[in-house]
Every structure is written in C-alpha cells, then in structure tokens.
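A.B. asks: 3D model of this:
(2 chains)
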Amino acid sequence: EAQVTQNPRYLITVTGKKLTVTCSQNMNHEYMSWYRQDPGLGLRQIYYSMNVEVTDKGDVPEGYKVSRKEKRNFPLILESPSPNQTSLYFCASSLQGNYGYTFGSGTRLTVV
Amino acid sequence: AQSVTQPDIHITVSEGASLELRCNYSYGATPYLFWYVQSPGQGLQLLLKYFSGDTLVQGIKGFEAEFKRSQSSFNLRKPSVHWSDAAEYFCAVGADSWGKLQFGAGTQVVVTP
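C.D. replies: Okay, the predicted model is just below:
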C-alpha cells in the first residue's frame, strides 16, 4: 500500500531532551515536507525537501532540523524541545512539487 | 506578503443541502491551488487541485471548486452534503513547483440531520 509512515504516533517528552520523529514513504516521491498543525492556525510548513540532500525552510523552521540522506526518509529533529513545540506534526510526500502532498497519519507531540 | 484566507471558521449545514467553502489568496501570479479534507483524528486527504486550464475543477467525493482570477478565490462546493462530509477543510496554495505549500486556517463543517 502506498503510504507515508510516521513514528511514533504519540510522544510525551521533557523540555530539552533531543528527539527525532521518523518519516518514510514508499512511493518513490521526490518531494517531502514537515508541517505542524495548531488549532486556529491550520498547517504551517516547517521544512521541505526537493530531493536527497536538498532541503529548504518553510514558514516556521526555528527549533527544528531535518535531513534527507535517502529518498524515502525525511526525519524531523528537535534538538532541544520546548513547550511551544507541543503540536500535531505531519509528514508528507509528493511526486512533484506542485502535485499536492500525500500526508502521513500524524505525530502528536507533547513537551512538558 | 503571501497569504491564504478561509473566512469561515465554522459552517453548519443540513444533510442534503448544498455547501460552499470560501478560499481567498494573495499571491503575485496564478498559484497552484488545492483543497484538502481532514476527518477527526485523521491525516489530510487531497480533494482536488488546480494548475491551469478549465477553471472548474472536479474532485473526489462529489466536490468541485472554481478558480476566479479576478477575485483571487478558489471556492469549494458540493451540491448535496452527506453526514460523512463532516470534517475540517483546508485550502492550500503553492507559489511555485518546489514544494512550498501554504495552508489556510481551515473551515470546520458540521452536518446536521
């Protein structure tokens, strides 16, 4: 089944403890992206990637890192999480940059 | 600055009635336009998209959207809603083909019997 897989689905962590949310797609898509969803704000793009080793900042990149060492994987790294990063995170992928993204099921992160 | 606006935060509609969700954007050129739906506790599903050509676009689940350049709008419509259409709907706009995609704040649709 064609899909975008994120792990974990739920995560509670403490302020300052580094964490990684994994994302993998099995559709051989070139483009991948991370979004965060907060009530009343919709989805805001954190980072996106056009291909292996090619990434760019979205609208809210502060406090996040990404890497694209393989085409299928696009992990999101929070080096020092803070409570304002408590949110619902979505990974997405697309064959082309203007085709529209296929989204994963989301990761609900709570930072205490 | 580029922006995407969904003026209606919440809409209540009766089952069987028509539905129209509004989306306005502010971009320098004709952007790539999308509508997504998010059911409770789920990820987002692409309903339809517009790149160019015919300004009336058909999507899945009986939805359609119309691009109006003069009004910078891309409104979503459905002639007769079903209870299963209760969800949150997001308009999204891309200024280029490099993967940067901006979403509106969403419109919550409630369907009453």
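
A.B. asks: any idea how far residue B:104 lies from chain A?
C.D. replies: Distance, residue B:104 to chain A, by CB to the nearest CB, to the nearest Å: 5 Å. C-beta coordinates here come from the backbone N, C-alpha and C atoms, glycine included.

A.B. asks: Quick one, grab the pLDDT at that residue.
C.D. replies: Residue B:104 carries a pLDDT value of 94.

A.B. asks: Tell me the residues of chain A that contact chain B?
C.D. replies: Residues of chain A that fall close to chain B, judged by CB under 8 Å from any CB of the partner chain: A:31-33, A:35, A:40-45, A:48-50, A:56, A:58-59, A:90, A:92, A:94, A:96-106.

A.B. asks: Can you tell me the closest non-neighbouring residue to residue A:34?
C.D. replies: Distance criterion CB to CB, 6 or more residues apart in numbering or on different chains; nearest residue to residue A:34, sequence neighbours excluded, is residue A:46 at 4.3 Å.

A.B. asks: Kindly report the residues of chain B close to chain A.
C.D. replies: Contact residues, chain B versus chain A (CB under 8 Å from any CB): B:6, B:9, B:32, B:34, B:36, B:42-46, B:49, B:51, B:90, B:92, B:94, B:96-106.

A.B. asks: Just the buried ones out of those residues, please.
C.D. replies: The neighbour-count test (16 or more other CB atoms under 10 Å in any protein chain shown) marks B:6, B:32, B:34, B:36, B:43-44, B:46, B:49, B:51, B:90, B:92, B:94, B:99-106 as buried among the residues of chain B next to chain A.

A.B. asks: All the helices of chain A, residue numbers only.
C.D. replies: Counting by DSSP state H, chain A has no helices to list.

A.B. asks: which residues of it fall in strands?
C.D. replies: A:4-7, A:10-13, A:19-25, A:31-38, A:42-51, A:54-57, A:65-66, A:76-78, A:87-94, A:102-103, A:107-111 (DSSP state E).

A.B. asks: Just want the angle from the last one to strand A:31-38.
C.D. replies: Computed by axes from the mean of the first three to the mean of the last three CA atoms, to 10 degrees, the angle separating strand A:107-111 from strand A:31-38 equals 50 degrees.

A.B. asks: Now do strand A:107-111, average pLDDT.
C.D. replies: Averaging pLDDT along strand A:107-111 yields 98.

A.B. asks: Need the per-residue pLDDT for residue B:3.
C.D. replies: Note on residue B:3: pLDDT of 88.

A.B. asks: Ok, the one 3 residues further on next?
C.D. replies: Looking at residue B:6, its pLDDT stands at 96.

A.B. asks: Regarding the residue nearest to it when sequence neighbours are not counted, what are the backbone dihedral angles?
C.D. replies: Leaving aside its chain neighbours, residue B:6 sits nearest to residue B:104 (3.9 Å; criterion: CB to CB, 6+ apart). For residue B:104, the backbone dihedrals (degrees, to the nearest 10) come out as phi -80, psi 180.

A.B. asks: now residue B:83
C.D. replies: Note on residue B:83: backbone dihedrals following degrees, to the nearest 10 are phi -60, psi -30.

A.B. asks: from what I can see it touches residue B:113, true?
C.D. replies: Yes: contact criterion CB atoms under 8 Å: residue B:83 and residue B:113 qualify, at 7.5 Å.

A.B. asks: what residues are shared contacts of the two?
C.D. replies: Here residue B:83 and residue B:113 have residue B:15 as joint contacts, going by CB atoms under 8 Å, 6 or more residues apart in numbering or on different chains.
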